[in-house]
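>>> Model the following, please.
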Amino acid sequence: EIAEIQKEIYSDWGTFRDSDVSIEEGHKSGTEVYESKVSVVMGAYSSGAISAGSDTLTVERTPVTLTKIQFADVVDNNVLLDTRFERSMAKGAFNLVSTEFDNAVLQDITPAIGQAMEDVTWNGATAAQKALIAGLVPGAPQGSISAGAQTLAAAFPVNLVNSLPATILHNASLSKAVPGAGLGDYKKVLSIAAITSATIAAEYAKLYAVIDPKIIASTTDKPVIYAPLAHRQLMRIANNSVGAASNQNFLFASDANDAKAYYNGIEVKFKPLVGFMIASPPKYLKILMDLASDMSVLETGEMPAGAEQMWYKNVQAYATWVTNQRYIVLYGG
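Okay, here's the model as predicted:
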């Protein structure tokens, strides 16, 4: 036998490790999200008493419910007999725990959970959310969902929680122009095309043009472009195209495969998105949890009634949410 056990590769795209979006902790089952808006009106000077005017100072409160989820299963070490793992079992017929199996295989449960949480954060929706998105009336202009977005949402994997794109498309925020359940207030990119190495620069230009200039110029709420994983390779190919027309539209911090990428000064973070891109300050994209560290907590124990099996279980409370939606650009929406 080959000494080393060849392991699966588990992706870690940094959403939770690097807080690539706003991760809000301390929520067991639900929370309240507050958004404020202030607008003022200039008036002619008067030395008299101040009277009521038309300035607006509003605070909206939206309740958000978290979903409790788990990863759990039973491990039967009896199946490890007659394999390499029985050599690390203690003597005695009752002793079936393999230290090699624990160290080489069971330790991969946590990174596998991390990969699963990355995936559901960026792709997928509940069956109910998919139905709500399908029920929206599609249209070409701003303020309506595109038929292409509904097609992408119809292809969402059915999950127990909603991804960020699913929440952006349809939510019940009371801070929207039309409060309550319905289409999100996101900005869409019109007349999009299939993204290839030949078109990626033009499509990013369309996305960049839609970002609110206030966000581009902000020193506190700088935007980030969240893009599908394959865009890194398409950018590299586009930058290194053959011919006199070659033009490097995307800046990479180095030649390393994991180097940071930028488009017109905005960092591009690559996520398991499918079809969609998001341009937004990270603080407007929220993951609500009890504790972010719950992802790495794995409880184990022996099965009851003398069963020669072990159980494991990981429990989390989770929801995605978005704020200041009018400043979020959803390419493909």
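>>> For stretch 37-50, list the C-alpha coordinates in PDB.
Listed next in PDB are the C-alpha coordinates belonging to stretch 37-50 (Å, rounded to 0.1, in the frame of the first residue of the first chain):
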ATOM      1  CA  LYS A  37     -31.700  57.900   6.500                       C
ATOM      2  CA  VAL A  38     -31.300  61.600   6.900                       C
ATOM      3  CA  SER A  39     -32.100  64.200   4.300                       C
ATOM      4  CA  VAL A  40     -32.100  68.000   4.800                       C
ATOM      5  CA  VAL A  41     -33.500  71.000   2.800                       C
ATOM      6  CA  MET A  42     -31.800  74.300   2.500                       C
ATOM      7  CA  GLY A  43     -33.900  77.400   3.400                       C
ATOM      8  CA  ALA A  44     -33.600  81.100   3.400                       C
ATOM      9  CA  TYR A  45     -32.200  82.600   6.600                       C
ATOM     10  CA  SER A  46     -34.600  83.800   9.200                       C
ATOM     11  CA  SER A  47     -33.900  85.300  12.700                       C
ATOM     12  CA  GLY A  48     -37.400  84.200  13.800                       C
ATOM     13  CA  ALA A  49     -38.500  81.100  15.600                       C
ATOM     14  CA  ILE A  50     -37.800  77.800  13.900                       C
END
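>>> contacts for it?
Residues lying outside stretch 37-50 but in contact with it, judged by Cβ atoms under 8 Å, 6 or more residues apart in numbering, are 53-58, 60, 175. Using the backbone N, CA and C atoms, a C-beta is placed for each residue, glycine as well.
>>> all helices for the stretch 151-300 of the chain, in order.
In the stretch 151-300 of the chain, the segments counted as helices under DSSP state H, counting those that start in this stretch are 164-169, 200-210, 213-217, 231-239.
>>> for those helices, which one sits closest to residue 185?
Between residue 185 and these, the tightest spacing by Cβ to Cβ is seen for helix 164-169, at 9.1 Å.
>>> Output the closest one as CSV, nothing but the C-alphas.
This file holds the C-alpha atoms of helix 164-169, laid out as CSV (Å, rounded to 0.1, in the frame of the first residue of the first chain):
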residue,chain,number,x,y,z
LEU,A,164,-26.4,36.4,-0.5
PRO,A,165,-27.6,36.6,-4.2
ALA,A,166,-30.9,35.0,-3.2
THR,A,167,-31.4,37.5,-0.4
ILE,A,168,-30.4,40.5,-2.6
LEU,A,169,-33.0,39.4,-5.2
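>>> show me the contacts for residue 54.
For residue 54, the set of contacting residues under the criterion of Cβ under 8 Å, 6+ apart consists of residue 41.
>>> sec struct for it, please.
Here residue 54 is coil, with the state taken from DSSP: H, G, I helix; E, B strand; the rest coil.
>>> Residue 71 now?
Three-state assignment for residue 71 (three-state DSSP): strand.
>>> Residue 316 now?
Local secondary structure at residue 316 is given as strand here, using three-state DSSP.
>>> in the sheet, who's paired with residue 57?
residue 38 (DSSP bridges).
>>> Distance check, it against residue 12.
The spacing between residue 57 and residue 12, counted by Cβ to Cβ, to the nearest Å, is 43 Å.
>>> The two - which one has more neighbours?
Applying other Cβ atoms under 10 Å to residue 57 and residue 12 shows that residue 12 carries more neighbours, namely 13 against 9.
>>> pretty sure that one is touching residue 118, no?
Yes - the pair residue 12 and residue 118 qualifies as a contact (Cβ atoms under 8 Å) at a distance of 7.3 Å.
>>> any shared contact partners between these two?
The contact lists of residue 12 and residue 118 share no entry, where a contact means Cβ under 8 Å, 6+ apart.
>>> where does the stretch 51-200 of the chain dip in pLDDT?
For the stretch 51-200 of the chain, residues meeting the criterion pLDDT under 70 lie at 93-94.
>>> Residue 253: neighbouring residues, count only.
Using other Cβ under 10 Å, residue 253 has 11 other residues around it.
>>> Just put the helices of the stretch 151-300 of the chain in TSV and tack on mean neighbour count and distance to residue 269.
Formatted as TSV, the helices of the stretch 151-300 of the chain follow (neighbours: other Cβ atoms under 10 Å; distance: least, Cβ to Cβ, whole Å):
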stretch	mean neighbour count	distance to residue 269
helix 164-169	27	12
helix 200-210	17	14
helix 213-217	11	16
helix 231-239	18	10
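>>> Export those helices as JSON lines, with columns for distance to residue 139.
Below are the helices of the stretch 151-300 of the chain laid out as JSON lines (distance: least, Cβ to Cβ, whole Å):
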{"stretch": "helix 164-169", "distance to residue 139": "14"}
{"stretch": "helix 200-210", "distance to residue 139": "17"}
{"stretch": "helix 213-217", "distance to residue 139": "25"}
{"stretch": "helix 231-239", "distance to residue 139": "27"}
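>>> between the ones you listed, which one is nearest to residue 223?
Nearest to residue 223 among those is helix 213-217 (5.0 Å), distances taken as Cβ to Cβ.
>>> Now do the closest one: everything it contacts.
Residues from elsewhere that reach helix 213-217 (Cβ under 8 Å, 6+ apart): 221-223, 266, 281, 327.
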